[in-house]
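Novice: Predicted structure and sequence below. I'll ask about it afterward.
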Amino acid sequence: MKAGIHPNYREVLFVDMSNGFKFVTRSCANTKEMGTTDDGRELPLFKLDTTSESHPFYTGTQKSVDNMGGRVEKFRNRFGKTTGAASK
């Protein structure tokens with residue numbers, strides 16, 4: 001292996017800033033801060049805005065467009081394809 005050309009691949013502590021969820025994985029992410037894991041290890045810290053623990057799609061709190069006051073149904077009624085003899 002050639003020295004000095006490979007990134008620093010090490011364990012990094014990732015923290016979800018919206019809810020405090022922490023997880024450790026190996027990464028090359030550049031960090032300037034250090035953080036402490038639940039078991040007391042001091043690791044490089046990388047702060048995230050959202051993770052699978054806080055993202056609406058993964059938590060089941062995502063709102064469906066179909067349930068937003070009937071707007072989709074109004075659109076379909078107004079501009080939807082017609083059925084029957086006109087469409088043949």
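Specialist: Cool, the structure landed. Residues are numbered from 1 along each chain as shown.

Novice: Can you report how many residues lie near the residue lying closest to residue 36 once chain neighbours are set aside?
Specialist: Spatial nearest neighbour of residue 36, chain neighbours left out: residue 42 (5.7 Å); criterion: Cβ to Cβ, 6 or more residues apart in numbering. Where you see a C-beta, it was placed from the backbone N, CA and C, and this is true even at glycine. For residue 42, the number of neighbouring residues by other Cβ atoms under 10 Å comes to 10.

Novice: Give me the distance between residue 59 and residue 11.
Specialist: Look at residue 59 and residue 11: by Cβ to Cβ, to the nearest Å, they are 26 Å apart.

Novice: before we move on, what about residue 31?
Specialist: 11 Å.

Novice: With neighbour numbers in mind, choose between these two.
Specialist: Neighbour count, other Cβ under 10 Å: between residue 31 and residue 11, residue 31 has more, with 17 against 12.

Novice: Once you drop chain neighbours, what's closest to the more buried one?
Specialist: residue 44 (4.0 Å).
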